[in-house]
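Chemist: curious how this folds, go ahead:
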Amino acid sequence: MIPVRASDYLMQRRRVTEMQWSRFISGSAKVRERILRPDIYASWQRCALQLSPYSQAQASIGETYLVQQRWQDSPLRAAAQREREQIMQLAREGSLVAALADMHGYLLWSFASAHMQARAEAVNFMAGSDWSEEASGTNAVGLCLKLGAATTVFASEHYLAFMHDWVGYASPIIHPQTGQMMGVLAISSTWNHHTPLGQAAVCELARAIAEHLPIWQPRAELELQALGTPKVIFRGQVQRISQRQLEILCLLALNPQGLTLDSFHAALYGDMPITISTLKSELSHLRRLLDGQIGSRPYRLLMPIWADFIDVWERLRSGRVTEAVELYRGSFLPQSTSPELEEWRYCVDAVMTRAVDACGDFSILLEKMRLGSRGSVLVRDRLAELLPEKTPS
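Modeler: Below is the predicted model:
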């Protein structure tokens with residue numbers, strides 16, 4: 001039972017939040033931003049660009065076979081094995097729903113107490129549902145993925161109206177070796193069961209799950225992922241770098257023989273009015289970040305490197321088209337305006353389009369759809385072509 005004082009506080013908090021939400025969705029200038037957490041308000045602003053607050057009554061849910069396959073293949077399944085019984089016991093005792101989500105916001109596993117089972121099913125808070133911010137508005141899972149940090153979303157802080165009776169707590173599951181977010185642990189209940197202890201419990205359980213994640217084996221000292229969602233891993237650690245710095249690393253990877261300063265400037269900036277000293281400054285910063293592993297005269301990488309775009313290209317050149325399709329995750333640096341990288345993007349995209357069009361292996365295409373990669377638009381079209389036409393009954 002919630003103490004009367006706490007209950008009064010929660011009801012007041014809900015009323016205030018509901019008022020701010022109503023003003024926001026009506027376009028009123030009277031939204032008092034200082035009452036709202038900045039991350040909640042920013043999420044509402046993003047959601048308003050693509051979602052109607054009354055557009056749906058539940059989260060979307062995927063095909064059963066895709067749900068099961070995602071869970072079977074996820075490293076979270078084995079990592080959470082020891083903690084799942086504790087999570088389920090917590091859910092039973094506290095009238096809660098618990099779930100594990102992947103990096104795209106899909107729930108891989110869920111468990112609801114008897115009290116919350118019907119409520120969870122009513123909004124599709126169950127395995128297979130999509131709780132990314134783009135699909136389900138402001139919610140604990142989606143916001144956790146956006147922030148890369150633990151968060152709580154209470155009552156009308158949810159952007160979509162059908163979640164206003166809920167409170168959600170979520171924490172990222174961070175690989176202790178690489179620092180990479182592997183997924184999200186979320187626990188939810190009805191708003192009147194909100195307690196600050198909920199967030200603390202989720203964070204502690206997420207850390208316990210992370211401790212049992214598999215040891216990551218690097219492909220090379222430096223790994224570049226630039227197809228779809230970019231990522232740079234140096235000596236097992238994910239590096240936070242700018243778009244421009246990623247472009248510099250990609251150019252170095254594509255030119256192992258090295259580049260002079262002038263040719264580097266032309267390949268990166270083209271005719272843009274950017275000085276040579278700016279490029280030298282970027283290179284100096286990257287050299288410090290990578291422990292001095294960038295040489296000069298010519299500029300080149302001094303360590304083993306693996307890059308997904310080079311791997312895909314080499315597989316295509318050697319006729320291993322199926323392997324290339326499996327590895328492809330999306331367009332090569334789609335935001336880049338570097339002349340050389342734009343040319344590479346055009347080549348990779350053109351060849352991959354033909355490769356996907358020629359791929360007749362239904363299982364491979366289905367696997368790419370299951371992974372939810374950014375390259376799956378091409379895959380979806382090809383799958384539609386391979387599906388047998390329905391015959392009139």
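
Chemist: list the contacts of stretch 121-131.
Modeler: Residues from elsewhere that reach stretch 121-131, judged by Cβ atoms under 8 Å, 6 or more residues apart in numbering: 57-64, 66-67, 71, 97, 99, 101, 104-110, 112, 120, 136, 139, 141-142, 162-163, 166, 186, 188. Where you see a C-beta, it was placed from the backbone N, CA and C, and this is true even at glycine.

Chemist: typed the wrong thing, it's stretch 143-153
Modeler: 39-40, 43, 101, 103, 105, 132-133, 138-140, 167-172, 181, 184, 186, 198-199, 202-203, 206.

Chemist: what residues of that stretch count as buried?
Modeler: 143-146, 150-153 (16 or more other Cβ atoms under 10 Å).

Chemist: which parts of this protein are strands?
Modeler: For the chain, the strands defined by DSSP state E occupy 97-101, 107-112, 151-154, 166-174, 181-190, 222-225, 231-234, 237-239, 294-295, 300-301, 305-307.

Chemist: name the spans of the stretch 151-300 of the chain whose pLDDT lies under the cut-off.
Modeler: Regions of the stretch 151-300 of the chain meeting the criterion pLDDT under 70 are absent.

Chemist: repeat the analysis, applying 80 as the threshold.
Modeler: Within the stretch 151-300 of the chain, the ranges that satisfy pLDDT under 80 run 178, 216-217.

Chemist: which parts of it are helices?
Modeler: With DSSP state H, counting those that start in this stretch, the ranges of helices along the stretch 151-300 of the chain come out as 196-210, 243-254, 261-269, 276-289.

Chemist: pick the most deeply packed of those helices.
Modeler: When the helices of the stretch 151-300 of the chain are scored by mean count of other Cβ atoms under 10 Å, the highest mean neighbour count falls to helix 243-254 (a mean of 20).

Chemist: residues making contact with that helix?
Modeler: Outside helix 243-254, the residues touching it (Cβ under 8 Å, 6+ apart) are 222, 224, 226, 230, 232, 241, 259, 264, 267-268, 282-283, 285-286, 294, 299-301, 305, 307, 309-310, 333, 335-336, 338, 340-341, 344.

Chemist: ok, now with 6 Å
Modeler: 224, 226, 230, 267, 282, 286, 301, 305, 307, 336, 338, 341 (Cβ atoms under 6 Å, 6 or more residues apart in numbering).

Chemist: circling back: from the contacts of stretch 121-131, keep the buried residues only.
Modeler: 58-59, 61-62, 66-67, 71, 97, 99, 101, 104-110, 112, 120, 136, 139, 141-142, 162-163, 166, 186, 188.

Chemist: which positions in stretch 115-126 come out as buried?
Modeler: For stretch 115-126, burial by neighbour count (16+ other Cβ under 10 Å) applies to 115-116, 119-120, 123-126.

Chemist: take those residues and keep only those in helices.
Modeler: 119-120, 123 (DSSP state H).

Chemist: okay, the residues you listed in JSON lines with pLDDT next?
Modeler: Listed next are those as JSON lines, based on pLDDT from 0 to 100:
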{"residue": "Arg119", "pLDDT": "95"}
{"residue": "Ala120", "pLDDT": "96"}
{"residue": "Val123", "pLDDT": "94"}
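
Chemist: list just the nearest of those residues to Gln177.
Modeler: Nearest to Gln177, judged by Cβ to Cβ, of those is Ala120 at 33.4 Å.

Chemist: now Met181: closest residue in space that isn't a chain neighbour?
Modeler: Spatial nearest neighbour of Met181, excluding adjacent residues (Cβ to Cβ, 6 or more residues apart in numbering): Pro172 at 4.7 Å.

Chemist: surely the one you found and Gly179 touch.
Modeler: No - between Pro172 and Gly179 there is no contact under Cβ atoms under 6 Å: 10.6 Å.

Chemist: these two: which has the busier surroundings?
Modeler: Between Pro172 and Gly179, counting by other Cβ atoms under 10 Å, Pro172 is the more crowded of the two (22 against 13).

Chemist: out of the helices of the stretch 151-300 of the chain, which gets nearest to Ser28?
Modeler: That would be helix 196-210 among the helices of the stretch 151-300 of the chain, by Cβ to Cβ, at 30.2 Å.

Chemist: packing partners for that closest one?
Modeler: Secondary-structure packing of helix 196-210 (3 or more Cβ pairs under 6 Å, 6 or more residues apart in numbering; DSSP states H and E): helix 81-94, strand 166-174, strand 181-190.

Chemist: turn these into CSV, columns for distance to Ser277.
Modeler: CSV is the format used below for these (distance: least, Cβ to Cβ, whole Å):
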stretch, distance to Ser277
helix 81-94, 52
strand 166-174, 38
strand 181-190, 36
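
Chemist: closest one to Val31 among those?
Modeler: strand 166-174 (21.3 Å).

Chemist: what comes into contact with that closest one?
Modeler: Residues from elsewhere that reach strand 166-174 (Cβ under 6 Å, 6+ apart): 139-141, 144, 150-154, 181-189, 191, 194, 198-199, 202-203, 206, 209-210.

Chemist: just stretch 333-352 next, same as before
Modeler: For stretch 333-352, contacts defined as Cβ under 6 Å, 6+ apart pick out 226, 247, 267-268, 270, 316, 328, 331-332.

Chemist: in it, what's buried?
Modeler: Buried, per 16+ other Cβ under 10 Å, within stretch 333-352: 333, 336, 338, 340-341, 344-345, 348-349, 351-352.
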